[in-house]
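**Q** need a structure here:
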Amino acid sequence: MTIEEIIVLLKAKSNPKHLAGMKRFGINDVHALGIPVPELRKLAKLIKRDHPLALALWKIKIHESRLLASMIADPSQFTEEQADNWVHDFDSWDVCDQVCGNLLDRTPFAMSKAFEYTTSEHEFVKRAGFVLMAEFAVHNKTATDDVFIPFFAVMEREAWDGRNFVRKAVNWSLRQIGKRNSNLKIHAIETAQRILAQKTKSARWIASNALIELSGKDTVINN
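**A** I've put the predicted structure just below:
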């Protein structure tokens, strides 16, 4: 399937009702067609892995072409330079999350990039660092606890950041890693307690929300 044929298919699947719904969920719809993700996944299954085609689709400034690119790109061929280029192109939280969950968390450099991206000043790049942590916790079933424990210090360090898409990603990574097993849950709860003690608005939200899910409490837990 050529890139031209794919673009024709994407435009044919454009859904004005879905496009309106995207905006309600805070998705940047400036270059969007309004295609539900399940429809894109069906198309991705037909195309299968095609890394050169994915790179070409990414260059087209259509929201859904970039989502589709993340679904057909090959993690084994994805380079660090390509990852950095894509991540710095992010202009919407859903593109960030799809790239991280479909592709980037399956690369051999996923964890080093997670640490690197959390130091960025750019909201969606920084979000990508924490989304990578959360997605890696979901998809990598064999990773040992020592892979995840260093992430807690990063969450604690960045809990001050009140930008919506950053604080939500910090919270997501904290909860997702804490749900892997009982040992990581203890570390996550202790981290949430320390974050709560920072007393910033963002830190209070991140910690309180996480504690509700991890322990059923929204206040500091005494050991």
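**Q** helices of this protein, residue ranges please.
**A** Secondary structure of the chain (DSSP state H): helices located at 3-12, 16-24, 37-47, 51-59, 63-72, 80-87, 93-102, 110-117, 123-139, 145-158, 164-178, 182-196, 201-215.
**Q** wait, what's in contact with the closest residue to Glu64 other than its chain neighbours?
**A** Counting by Cβ to Cβ, 6 or more residues apart in numbering, Glu64 lies nearest to Ile35, which is 4.7 Å off, once chain neighbours are set aside. Heads up, the C-betas are built off the backbone N, CA and C, glycines and all. Contact partners of Ile35, counting by Cβ atoms under 8 Å, 6 or more residues apart in numbering, are Leu10, Lys13, Ser14, Asn15, His18, Glu64.
**Q** what's the pLDDT at the first one?
**A** The predicted local confidence for Leu10 comes out at a pLDDT of 95.
**Q** same check on Asn222?
**A** Per-residue confidence (pLDDT) for Asn222: 34.
**Q** start to end distance for stretch 85-103?
**A** For stretch 85-103, the first and last residues are 14 Å from each other (Cα to Cα, to the nearest Å).
**Q** who's in contact with that stretch?
**A** 25-28, 30, 37, 58, 63, 66-67, 70-71, 73, 75, 78, 104, 113, 117, 122, 124-125, 127-128, 131-132, 135, 138-139, 165.
**Q** avg pLDDT for that stretch?
**A** Model confidence over stretch 85-103 averages 97 on the pLDDT scale.
**Q** report the buried residues of it.
**A** Within stretch 85-103, the residues that count as buried by 16 or more other Cβ atoms under 10 Å are 86-87, 89-90, 92-103.
**Q** same deal with stretch 8-17?
**A** Leu9, Leu10, Lys13.
**Q** how far off centre is it?
**A** Taking Cα atoms, centre = their mean, to the nearest Å, one finds the center of stretch 8-17 at 25 Å from the center of the full chain.
**Q** ok, residues contacting it?
**A** Taking contacts as Cβ under 8 Å, 6+ apart, the residues outside stretch 8-17 that touch it are Leu33, Gly34, Ile35, Pro36, Glu39, Leu43, Ile62, Glu64, Ser65, Leu68.
**Q** rerun that using 10 Å as the cut-off
**A** Stretch 8-17 is touched from outside by 1-2, 21-22, 32-36, 39-40, 42-43, 46-47, 57, 60, 62-65, 67-68, with contacts defined as Cβ atoms under 10 Å, 6 or more residues apart in numbering.
**Q** for Arg41, give its distance to Ala110.
**A** Per Cβ to Cβ, to the nearest Å, Arg41 is found 21 Å from Ala110.
**Q** neighbour count winner among those two?
**A** The neighbour comparison of Arg41 against Ala110 (other Cβ atoms under 10 Å) goes to Ala110, with 21 against 13.
**Q** contacts only, for that one.
**A** Contacts here follow Cβ under 10 Å, 6+ apart; on that basis Ala110 touches Pro75, Phe78, Ala83, Cys100, Leu103, Leu104, Leu132, Met133, Glu135, Phe136, His139, Asn140.
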